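# Sequence first, predicted coordinates after that:
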Amino acid sequence: MENYFNITRFIALLKRDVFENARSVLLALFTILGIYTVILVLSAIVFNNTTLAMFPDKAYYILFFIAGIFISGMAFSDFRNKEKTMYYLMLPASSLEKFLSMFLLTTVGFVIIYTTLFAGFNLLNILAIKSILGDVSIPFLGFAFADFIDMFLVYLSVQSLFLFGATMFKKSPLFYTFLFSFVAAILYSFIQVMMAKYLFSDLVDVVSSSSGARIVSTSSDFSFGQMYNGDTSAISLQVSHIFFSYIFPLALWVAVWFKIKEKEV
């Protein structure tokens, strides 16, 4: 199949992917949000406490990442089975269209479905808790749009990683992607420390402490940012932000696209 984009063919593929993945996606979301509901209602019944219910924005963000990681990591489910893989690769759609379809489902589609379901579950939570404790004031959602955008940009990096893992690992993609991420994080930290030690040795020192290695300034003219209660260089922060916000997800999305092309050969 030629690697170009045809809108009619793409819409047909998108409908097919929605139908094929709807059951597993909805089951995962209902399970996660159902557990959240049970915890909130039980805390109101047993402890007469609405503390957890008072922070729906925090719950929205936490459950967003949990659900998003699961759904992105289980994408391209046809690749888990040899016969289904052959059938999927023979679909009348280009590799670009296959990538874009799953990309949209795990980003825009996921946001719409998750937010709608979370709002519905949270409304049920409020009604249930008020029926138990009486007329208590509980916020419905209450997060700022700017905060959502910041969170979504972080999610795109996470989504790209687990979408890549879904095409890279045939069996247990979630487990192996988590393992890969753990090893990569260790290597990245090591490289960061080595760069600070050898490339910026005239500006920074790497100091060992009980909480691990940290980077501190040796020059009064060099400014540093504060992050997670540790000292880290402004250069390191800026490089990390650019890498993880732009280069990292773009590189992995391209890798996913090429991985699909590779399977078609």
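Thanks, I have it.
# Any idea how many residues pack against Pro129?
That one is not Pro; residue 129 is Ile. Per other C-beta atoms under 10 Å, the neighbour tally for Ile129 reads 21. Using the backbone N, CA and C atoms, a C-beta is placed for each residue, glycine as well.
# what about the residue nearest to it when sequence neighbours are not counted, helix or strand, and which?
Closest residue to Ile129 apart from its sequence neighbours, by C-beta to C-beta, 6 or more residues apart in numbering: Ala44 at 4.6 Å. In the assignment (DSSP states H and E), Ala44 maps to helix 7-46.
# Which neighbouring elements make contact with the helix or strand following that helix?
Going down the chain from helix 7-46, the next helix or strand is helix 56-73, by DSSP H and E. Here helix 56-73 touches helix 7-46, helix 110-133, helix 145-168, helix 173-198, going by 3 or more C-beta pairs under 8 Å, 6 or more residues apart in numbering; DSSP states H and E.
# okay, those in a markdown table with distance to Pro56 next?
Output for the helices and strands packed on helix 56-73, formatted as a markdown table (distance: least, C-beta to C-beta, whole Å):
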| stretch | distance to Pro56 |
| --- | --- |
| helix 7-46 | 9 |
| helix 110-133 | 5 |
| helix 145-168 | 13 |
| helix 173-198 | 27 |
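# Serialize those to a markdown table and add fields for mean pLDDT.
Below are these laid out as a markdown table (pLDDT from 0 to 100):
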| stretch | mean pLDDT |
| --- | --- |
| helix 7-46 | 89 |
| helix 110-133 | 88 |
| helix 145-168 | 91 |
| helix 173-198 | 81 |
